[in-house]
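> Provided below for reference: sequence and predicted model.
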Amino acid sequence: MPRELPIGSLLESEDARPARVLAHKLNRHTFWCGQSGSGKTFALGVLLEQVLLHTRMPLVVLDPNSDFVRLGEVRDDAPEAEAAQLSQRDIRVLRPGGAGVARSLHARFLDMPVRSRAAVVNLDPVHDADEYNGLLQVEAEVPLIEQGRLLEFLRSSGDAMRHRLAMRLENLGVTDWNLWAWGHRSVTDEIDDRPDATVVDLGGFPTQAESRTAALAVLDHLWETREERVGRLIVIDEAHNLCRPDPATPLEALLTERIVQIAAEGRKYGLWLLLSTQRPSKVHPDALSQCDNLALMRMSSPRDLGELADVFGYVPASLLERSPGFAQGQALFAGGFVELPALVQVGNRLTHEGGSDVSVSLR
Ligand SMILES: Nc1ncnc2c1ncn2[C@@H]1O[C@H](COP(=O)(O)OP(=O)(O)OP(=O)(O)O)[C@@H](O)[C@H]1O
Ligand SMILES: [Mg+2]
């Protein structure tokens with residue numbers, strides 16, 4: 001039976017008729033956009049709560065601003081029935097260093113594909129051909145390396161290239177990252193347990209490289225295990241951080257490539273993306289063009305709206321044009337996941353928001 005997820009009310013309907021998203025059509029990629037403060041993250045939370053209530057589809061949330069770290073905490077004003085159901089869901093929040101109910105967010109360096117490890121240490125296969133090749137030469141011996149002994153291993157031979165790799169790891173500070181599991185559970189172990197939701201808090205790392213590496217470890221793993229065909233929703237808020245049209249470092253390039261690959265080929269393996277960002281031009285066009293569902297919140301730039309009209313040709317222009325006039329929490333939903341394109345006032349949250357806006361303190 002198709003499940004309809006209530007997400008708010010239809011704008012301009014006479015008696016605020018409920019607006020619904022078709023759960024079974026979340027097996028497409030979704031693009032969610034709107035300018036800062038339009039209410040994307042809040043509204044996304046409303047949808048994710050409904051997914052948790054009504055589906056068994058595991059969620060993986062890449063959360064750069066720690067906005068979803070309280071997804072497991074039900075609000076006092078939530079209706080009793082929903083509150084009871086939500087509190088039974090297995091929602092795992094992974095944060096750098098743990099804290100409170102959150103688990104520590106870790107990844108295993110040597111479990112990552114060699115291309116990813118090279119990107120983490122800023123090696124490009126063409127521009128840094130020698131060192132990159134040195135890394136490849138070590139590959140056959142990787143299974144022999146004891147946990148936590150990578151540097152010693154590289155230095156134990158007299159090989160000059162291995163010494164250089166060790167130096168690179170150390171100089172970039174990569175070996176000191178708190179991200180590494182050193183025998184603890186890694187984020188991929190948590191995902192493999194298939195909890196209802198895994199919230200990966202990418203905020204709070206001291207460097208962007210560490211945060212991006214955590215995201216890459218997750219995406220690599222989801223791609224590598226795609227044959228399991230689990231049917232997961234991979235939510236990437238602030239997707240421009242991870243899927244840039246103009247990646248500058250090997251790490252950014254590989255992240256973008258991975259997301260574009262999932263966008264292009266992931267659907268049939270049950271890897272469904274939900275990309276949220278402020279402007280369509282901020283994410284790679286090859287990821288954007290694969291999205292079938294659109295949620296558009298307030299966006300006043302005509303150029304951005306023109307770009308959306310190009311990509312989502314089926315959305316009536318008369319509805320796209322309404323976006324600059326949207327109040328906070330209002331959205332246009334279009335594409336397969338709604339019966340018909342609709343203007344919606346997003347409903348209330350059942351769980352707490354994470355880091356909300358900072359207010360001006362008054363004297
Ligand atoms: N529908 C809503 N009802 C009540 N408050 C809302 C609603 N939508 C957003 N807000 C509040 O407005 C603020 C900004 O919303 P939100 O963080 O969702 O915006 P955003 O579009 O994700 O912005 P950014 O692009 O900067 O992340 C938050 O403090 C949130 O609590
Ligand atoms: Mg946001």
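Arrived safely. Ligands and ions are numbered 1, 2, ... in the order given.

> C-alpha from now on. contacts and neighbour counts both.
OK.

> list the contacts for the closest residue to ligand 1 within the stretch 251-363 of the chain?
Going by C-alpha to the nearest ligand atom, ligand 1 is nearest to residue 329 of the stretch 251-363 of the chain, at 3.7 Å. Residues near residue 329 by C-alpha atoms under 8 Å, 6 or more residues apart in numbering: 38-40, 42-43, 297, 345-346.

> Quick check on these: which are buried?
Buried members of the contacts of residue 329, counted by 16 or more other C-alpha atoms under 10 Å: 38-40, 42-43, 297, 345-346.

> rewinding a little: tell me, which of the contacts of residue 329 make contact with ligand 1?
When C-alpha under 6 Å from any ligand atom is applied, the members of these adjacent to ligand 1 are 38-40, 42, 346.

> now for those, which pair is the farthest apart?
Pairwise distances across these (C-alpha to C-alpha) peak at 11.3 Å, for the pair 38 and 346.

> what sits in contact with each of the two?
329-330.

> how about the strands in the protein?
4-10, 18-22, 30-33, 59-63, 91-95, 103-104, 197-201, 232-236, 271-277, 293-296, 330-334, 342-346 (DSSP state E).

> Lowest mean pLDDT across the ones you listed, which one is that?
Looking at these, the lowest mean pLDDT belongs to strand 103-104 (a mean of 92).

> ok, that strand: who's next to it in the sheet?
If you go by DSSP bridges, strand 103-104 pairs up with strand 91-95 (parallel).

> Would you map the helices across the stretch 101-250 of the chain?
Using DSSP state H, counting those that start in this stretch, the helices of the stretch 101-250 of the chain run over 114-120, 129-138, 150-156, 160-171, 187-192, 208-224, 250-265.

> Out of these, the one nearest residue 61 is which?
helix 208-224 (9.9 Å).

> With distance to residue 291 as new columns, can the buried ones among the contacts of residue 329 be given to me in JSON lines?
Output for the buried ones among the contacts of residue 329, formatted as JSON lines (distance: C-alpha to C-alpha, whole Å):
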{"residue": "38", "distance to residue 291": "21"}
{"residue": "39", "distance to residue 291": "20"}
{"residue": "40", "distance to residue 291": "17"}
{"residue": "42", "distance to residue 291": "21"}
{"residue": "43", "distance to residue 291": "18"}
{"residue": "297", "distance to residue 291": "16"}
{"residue": "345", "distance to residue 291": "22"}
{"residue": "346", "distance to residue 291": "21"}
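
> if we take those residues, which one ends up nearest to residue 158?
residue 40 (54.5 Å).

> mind listing what the closest one touches?
Counted by C-alpha under 8 Å, 6+ apart, residue 40 has contacts 32-34, 276, 297, 329.

> Which pLDDT does the model give it?
So residue 40 comes in at 98 (pLDDT).

> residues in contact with residue 155?
162-163, 166.

> Pull up the residues of the stretch 201-350 of the chain that are close to ligand 1.
Applying C-alpha under 6 Å from any ligand atom, we find that the stretch 201-350 of the chain lies next to ligand 1 at 278, 328-329, 346.

> Narrow these to those in helices?
Assignment to helices by DSSP state H places none of those there.

> Any chance of the residues you listed in TSV with distance to residue 189 as columns?
Below are these laid out as TSV (distance: C-alpha to C-alpha, whole Å):
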residue	distance to residue 189
278	32
328	38
329	36
346	34
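
> and the residue of the stretch 251-363 of the chain closest to ligand 1, what are its phi and psi?
Main-chain dihedrals, residue 329, degrees, to the nearest 10: phi 90, psi 0.

> returning to that earlier point: to residue 67, which of the helices of the stretch 101-250 of the chain lies closest?
Of all the helices of the stretch 101-250 of the chain, helix 208-224 comes closest under C-alpha to C-alpha, at 15.0 Å.

> quick one: contacts of that closest one?
Contacts for helix 208-224 (C-alpha under 8 Å, 6+ apart): 62, 106-107, 112-113, 116, 120, 177, 179, 187-188, 202-203, 205, 242, 251-252, 255, 258-259, 262, 266, 271.
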